[in-house]
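K.L.:
Pasted the sequence and its predicted model underneath.
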Amino acid sequence: MALEGLVTTAGGWLEVADKPSPEALAAYYNDKYYAAGRGQYAAAYSDDELKHKQLAAAEAAHVCARDRGRLLEVGFGEGFFLDWFANAGWEVEGVDFTDEGLRAFFPHLLDRVQVGDAFALLDSIIQRGETFDLVVCNNVIEHVLDPEGLLARLKPIVAPGGLLRLAAPNDGSWLQEEVVERGGADAGFFVAVPDHLSYFNADSLPRLLQANGWTVADLLGEFPIDIFLLNPDTAYTRDRTKGRACHLARVAFELGLWQRRGLEGVLAYRRGCAAAGVGRNLIAYAHRA
């Protein structure tokens, strides 16, 4: 997929051709994205959304198949993942650019996290020789200037026999191309600069992991919300007021699947989505090669 402002890397994923400097990116996140009370974490959630936020952690625990262990979350956000595993008896730690979201939702976990430049914090963890049974990196890799540098830092902190959970938006997919061809959205509708600097799909994300010393054990795709763009009545990029209803429909579907078919049903569905190249988010579970 050729899009203005993006280039295809040697590894096959799309990235911004003219990346911002580290200083400019830090200023953007400080001044806009995480501004207190008006940033990413200013939203309120419905009961269904709060229940749905538990699904990722429950899925990871099921795949990991450990009763207890050490968890590190890179990019802990509001802290739902950390809280779920802490309640399950795991030793949890987190690193992120900000703790604003955690302060809003789970302030009791503030002593478990570090705030600052993620690469510098990971380098410190590596220098201390710490390892973790589960390392979680949800919707972070698309934001960083150096995706391969991130993966290189994650490797030494995954304990032998441990697992990495890496999630990223599924962008540049065949479904998005179909949507554009049918007039449901403009070309490059998924591009969000400077928030997202790299764009991965079900082909390029596993290749990126494999090229950087990881073995992909499982690849999942979350509900493909892009399908709503094929229907003019639900095309939320044409009419932004339709977006929340589409999101809540996705939430209701996955909650119902979880309740009625259990986590194995969720995994079967998500494996099928990834195999078909669809799913709004991709989730890769990987071991050190």
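P.N.:
Received the coordinates, thanks.
K.L.:
In the chain, which helix is the longest?
P.N.:
As assigned by DSSP state H, the longest helix anywhere in the chain is helix 243-275.
K.L.:
Can you tell me which helices and strands that one packs against?
P.N.:
With contacts defined as 3 or more CB pairs under 8 Å, 6 or more residues apart in numbering; DSSP states H and E, the packing partners of helix 243-275 are helix 47-52, helix 55-64, strand 214-221, strand 281-288. Any C-beta I mention is one placed from the backbone N, CA and C, and that applies to glycine too.
K.L.:
Okay, angle between that helix and helix 55-64 too, please.
P.N.:
Compare the direction of helix 243-275 with that of helix 55-64 by axes from the mean of the first three to the mean of the last three CA atoms, to 10 degrees and you get 20 degrees.
K.L.:
Distance from helix 243-275 to the middle of the chain?
P.N.:
16 Å (CA atoms, centre = their mean, to the nearest Å).
K.L.:
Buried residues, that helix. List them.
P.N.:
Going by neighbour count (16 or more other CB atoms under 10 Å), the buried part of helix 243-275 is 246-247, 250-251, 254-255, 257-258, 266-267, 269-270, 273-274.
K.L.:
same question for it, mean pLDDT?
P.N.:
Here helix 243-275 scores 98 as its mean pLDDT.
K.L.:
can you check stretch 161-169 too?
P.N.:
Average pLDDT, stretch 161-169: 98.
K.L.:
One more: stretch 282-289?
P.N.:
The pLDDT scores in stretch 282-289 average 96.
K.L.:
List the neighbours of that stretch that are in contact with it.
P.N.:
The contact list for stretch 282-289, computed with CB atoms under 8 Å, 6 or more residues apart in numbering, reads 56, 59, 63, 155, 158, 160-170, 200-202, 205-206, 209-210, 213-222, 270, 274.
K.L.:
what are the ranges of the helices in the stretch 51-200 of the chain?
P.N.:
55-64, 80-87, 100-105, 118-128, 147-154, 174-181 (DSSP state H, counting those that start in this stretch).
K.L.:
what angle sits between the second one and helix 55-64?
P.N.:
To tie it back to what came earlier, the one meant is helix 80-87. Going by the same axes, to 10 degrees, helix 80-87 makes 50 degrees with helix 55-64.
K.L.:
Can you give me the buried ones in helix 80-87?
P.N.:
Those would be Phe80, Phe81, Leu82, Asp83, Trp84, Phe85, Ala86, for helix 80-87 by 16+ other CB under 10 Å.
K.L.:
Same list (the residues you listed) but as CSV, adding distance to Gln176.
P.N.:
Shown next, in CSV, are those (distance: CB to CB, whole Å):
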residue, distance to Gln176
Phe80, 27
Phe81, 27
Leu82, 32
Asp83, 33
Trp84, 31
Phe85, 33
Ala86, 37
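K.L.:
Which one of those is nearest to Asp233?
P.N.:
Closest approach to Asp233 among the buried residues of helix 80-87 (CB to CB): Phe80, at 31.9 Å.
K.L.:
Quick check: the closest one touching Ala57?
P.N.:
Yes: using CB atoms under 8 Å, Phe80 is in contact with Ala57, at 6.8 Å.
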